[in-house]
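Colleague: Predicted model and sequence below, questions to follow.
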Amino acid sequence: MVDALTVAGALTITSGELDTSGSNYALTVTGATVVNGTLTCNASAVATTNLSGSGTLECDTATITLAAGGDIQVTTINMDAATILG
């Protein structure tokens, strides 16, 4: 990413990688996020209703905020010192 990104509705990463970059741009998704590739969050603020898919979530030191009742169900989660709120 080269700037903060807000997605109105759902975000699907079909393959490949969405990376918030070393600049730690914020990612806001008003709907569900489906990760079948890789979502690399670095130290970014990430907000979504829930995370699912067959892909990989690279959390590093990100802060991930889920909507009330939201959950994370992806195949692989790599966490360093990430914070998950919801």
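Modeller: Yes, it's here.

Colleague: Stretch 47-60: how far from the chain's middle?
Modeller: 5 Å (Cα atoms, centre = their mean, to the nearest Å).

Colleague: List the buried residues of it.
Modeller: 47-53, 55-60 (16 or more other Cβ atoms under 10 Å). For the C-beta atoms, the positions are set from N, CA and C on the backbone; glycine is no exception.

Colleague: Name all residues that make contact with Gly31.
Modeller: 7-11, 48-49 (Cβ atoms under 8 Å, 6 or more residues apart in numbering).

Colleague: which of those residues has the most neighbours?
Modeller: Thr48 (24 neighbours; other Cβ atoms under 10 Å).

Colleague: and Gln73, how many residues sit next to it?
Modeller: Neighbours around Gln73, by other Cβ under 10 Å: 11.

Colleague: Next, it: secondary structure please.
Modeller: strand (DSSP: H, G, I helix; E, B strand; the rest coil).

Colleague: Give the closest residue to it in space, chain neighbours not counted.
Modeller: Ser52 (4.6 Å; Cβ to Cβ, 6 or more residues apart in numbering).

Colleague: Equivalent analysis for Asp19, please.
Modeller: Nearest one to Asp19, counting by Cβ to Cβ, 6+ apart, is Thr40 at 4.2 Å.

Colleague: Same check on Ala68?
Modeller: Gly86 (7.1 Å).

Colleague: Would you mind confirming that the one you found makes contact with Leu51?
Modeller: No. Using Cβ atoms under 8 Å, Gly86 is not in contact with Leu51; the gap is 10.2 Å.

Colleague: which residues do those two both contact?
Modeller: 66, 70-71.

Colleague: Just the buried subset of these, please.
Modeller: Counted by 16+ other Cβ under 10 Å, those give 66, 70 as buried.

Colleague: Out of the shared contacts of Gly86 and Leu51, flag the one nearest to Asp80.
Modeller: Ranked by distance to Asp80 (Cβ to Cβ), the shared contacts of Gly86 and Leu51 are led by Leu66 at 18.7 Å.
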